[in-house]
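Participant: Give the three-dimensional model of this entry:
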Amino acid sequence: QVQLVESGGDLVQAGGSLRLSCAISGDDDSINTVGWYRQAPGKQRELIADILRSGKITYTDFTKGRFTISRDYAKNMLYLEIDNLKQEDTAKYYCHADAWYEGDVHEFWGQGIQVTVSS
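Facilitator: You can find the predicted model right below:
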C-alpha cells in the first residue's frame with residue numbers, strides 16, 4: 001500500500017506563494033496516479049491537478065496557471081506550488097494516490113494540511 005504525508009501548509013498573505021510537499025512511501029510501483037485535492041469549509045473536496053503513471057499532467061480549470069504540480073521520483077516526493085494566493089485558496093489540501101493493493105485499485109489519502117490566506 002501507499003502512505004502519504006503532506007507538509008508546507010501555512011498562513012500566508014494574499015499575493016504570496018507557497019509550496020506544499022507530499023512524501024510518498026510504500027509500494028511506489030503500484031501507483032497509477034498521484035495528485036492534489038483541496039476542501040474549503042462547507043464545500044466538496046475538489047481535484048486541483050494530478051500526474052498519471054505516464055507522466056501526463058492534468059489541471060482543473062480553476063487553477064488558471066497559478067498552480068504547478070510536480071513529482072520528484074528520486075526523492076519520492078510530490079509538490080504543489082501555488083502563486084498569487086487568493087483568499088479563496090483557503091482550504092485543507094490533500095495528497096492523493098490511486099494504487100494497486102491486494103489485487104484492486106484503492107485510493108490513498110494524506111491527512112491533509114491547512115492553507116490559510118489572509119487579506
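Participant: ok, Ala99 - contacts?
Facilitator: Listed by C-beta atoms under 8 Å, 6 or more residues apart in numbering, the contact set of Ala99 reads Gln1, Val2, Gly26, Asp27, Ser30, Ile31, Asn32, Val105, His106, Phe108. C-beta: built from backbone N, CA, C; applies to glycine.
Participant: what's the burial count for Leu4?
Facilitator: Other residues within reach of Leu4, judged by other C-beta atoms under 10 Å, total 20.
Participant: quick one, what contacts it?
Facilitator: Taking C-beta under 8 Å, 6+ apart as the test, what Leu4 contacts is Cys22, Ala23, Ile24, Ser25, Cys95, His96, Ala97, Phe108, Trp109, Gly110.
Participant: Is it possible to get CSV of those that adds secondary structure, distance to Gly42 and pLDDT?
Facilitator: CSV is the format used below for the contacts of Leu4 (DSSP: H, G, I helix; E, B strand; the rest coil; distance: C-beta to C-beta, whole Å; pLDDT from 0 to 100):
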residue, secondary structure, distance to Gly42, pLDDT
Cys22, strand, 25, 98
Ala23, strand, 29, 97
Ile24, strand, 30, 96
Ser25, strand, 32, 93
Cys95, strand, 22, 98
His96, strand, 21, 98
Ala97, strand, 26, 97
Phe108, strand, 25, 95
Trp109, strand, 20, 97
Gly110, coil, 21, 97
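Participant: Go ahead and build a ChimeraX selection from the buried members of those.
Facilitator: Buried members of the contacts of Leu4 can be picked out in ChimeraX with the line below, counting by 16 or more other C-beta atoms under 10 Å:
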select :22,24,95,96,97,108,110
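Participant: ok, back up a step: just the buried residues of the contacts of Ala99.
Facilitator: Neighbour counting by 16+ other C-beta under 10 Å classes Val2, Gly26, Ser30, Ile31, Phe108 among the contacts of Ala99 as buried.
Participant: Geometric centre of this protein: which residue is closest?
Facilitator: Note on the chain: the residue nearest the mean C-alpha position is Trp36, at 2.2 Å, using C-alpha atoms, centre = their mean.
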